[in-house]
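Asks: okay, here's the prediction I keep looking at, along with the sequence it came from:
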Amino acid sequence: MTTPTIELKPSANPLSDAEREAILASPGFGRHFTDHMVTIRWTEGRGWHDGQLVPYAPISLDPATNVLHYAQEIFEGLKAYRRPDGSVATFRPEMNAQRFQRSARRLAMPELPVETFIEACDVLVQQDKAWVPAHGGEESLYLRPFMIATEVGLGVKPANEYLFLVIASPAGAYFAGGVKPVSIWVSEDRVRAVPGGMGDAKTGGNYAASLLAQAEAAAKGCDQVCYLDAVDHKWVEELGGMNLYFVYGNKIVTPTLTGSILEGVTRDSLLTVARDLGYEAEERRVSIDEWQADSENGTLTEVFACGTAAVITPVGTVKRAGAEWKQSGGEPGEVTVKLREALLDLQRGTREDTHGWMHPL
Ligand code: COI
């Protein structure tokens, strides 16, 4: 498989320092984009080619382009952090690169070599380094690698041409309230993914499938929807765009990966970080009835959501048909806060990187 070298064609008109600083003062999530993007093409018989770093700009697609009709698309999310000495590092990019390959296999797309995925992210962050927010706060530079089928035609089949891109967006807290606990609506009828489906692939279709239940959650006054499994409608899977953890005193528990749950990088990292901090960490099935009963009897002490975008966000209120309860009195729990600080310190370079997870640029 060929690995393209990325040709640098930087913008002649990047945003001024003052304009960029104004954005970095309050970036929000996914609202602003840096000056550049990386593009790499794949063509059947030729493989990966024409890697380029170019000015950030709209892309033009024929209305009959395959992805617009049959959603052959995958994506990733990872972050670059500013360290105390001003340098920049990304967090576990090879995990994202490997998941991108698994998602590609599931959607019958070509696999981008891990080293090309990492090189594409590195080249963009190097070029747009000034967009990485200052050290010390919650902000980082969110990278969004993605791939779309670009063959023109309405036949339902794997495309013979693809476009891989990486864009970058300075990011503050995903939820408007920051670390304020979020409220969850448990959807007991709508499901996110089914056994044998593509719930463990990071593809736009899974997020499209989550929007109606998410809107129903919002109508119930909740921030996020929580999905149960598609067979028994009983086992907790994940939220619309992030994984879940339950805290039982000194032990953290996350639902076992069943094939319909996304294998989150933050989810995986927390199993290790928790053990480093002296907690027990376990993967097992948790039912919605157990969640409610153990919250009511006090053995389930905290619940939090986690993901690259969400970092670690406490869950404050849970609602399901006929019931409503609070987690840790509706406040961020002690274990949640400790894990959050440890993970962020590691990512921001103020906690020793004992697992070699940071990728300095
Ligand atoms: C991420 O956490 O990176 C995601 O892709 C989730 C999305 C809802 C922003």
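Replies: Perfect, thanks for sending it.
Asks: around the closest residue to the ligand within the stretch 201-350 of the chain, how many other residues sit close by?
Replies: The ligand sits closest to residue 241 of the stretch 201-350 of the chain, with a gap of 2.7 Å, by Cβ to the nearest ligand atom. Where C-beta positions appear, they are placed from N, C-alpha and C, glycine not excepted. Around residue 241 there are 21 other residues, counting by other Cβ atoms under 10 Å.
Asks: list the residues that contact it.
Replies: 207, 210, 307, 309-310 (Cβ atoms under 8 Å, 6 or more residues apart in numbering).
Asks: can you say which of these are buried?
Replies: Buried members of these, scored by 16 or more other Cβ atoms under 10 Å, are 210, 307, 309-310.
Asks: buried residues in stretch 286-302?
Replies: Buried, per 16+ other Cβ under 10 Å, within stretch 286-302: 286, 288, 290-292, 294-295, 300-302.
Asks: in helices only, show me those residues.
Replies: Using DSSP state H, the members of the buried residues of stretch 286-302 that fall in helices are 288, 290-292, 294-295.
Asks: and this structure, which residues reach the ligand?
Replies: Within the chain, the residues that sit near the ligand (Cβ under 6 Å from any ligand atom) are 77, 241, 307-309.
Asks: tell me the pLDDT of the residue located most distally from the centre of the chain.
Replies: For the chain, the residue at maximal distance from the C-alpha centroid (Cα atoms, centre = their mean) is residue 297, at 32.8 Å. At residue 297, the predicted lDDT confidence score is 95.
Asks: then the one 3 residues further on?
Replies: For residue 300, the model assigns a pLDDT of 97.
Asks: list the contacts for the closest residue in space to it that isn't next to it in sequence?
Replies: Distances taken as Cβ to Cβ, 6 or more residues apart in numbering put residue 294 closest to residue 300, at 3.6 Å, once the chain neighbours are dropped. Residues in contact with residue 294 (Cβ under 8 Å, 6+ apart) are 246, 248, 300.
Asks: just say helix, strand or coil for the first one.
Replies: This points to residue 246. strand (DSSP: H, G, I helix; E, B strand; the rest coil).
Asks: which residues touch it?
Replies: By Cβ under 8 Å, 6+ apart, the contact list for residue 246 reads 252-254, 286, 291, 294, 300, 302-303.
Asks: repeat for residue 101
Replies: So residue 101 contacts 111-112, 114 (Cβ under 8 Å, 6+ apart).
Asks: how about a cut-off of 6 Å?
Replies: Each residue near residue 101 by Cβ atoms under 6 Å, 6 or more residues apart in numbering is listed here: residue 111.
Asks: pull out the buried positions in the host helix or strand of it.
Replies: Using DSSP states H and E, residue 101 sits within helix 93-106. Going by neighbour count (16+ other Cβ under 10 Å), the buried part of helix 93-106 is 93, 95-101, 103-104, 106.
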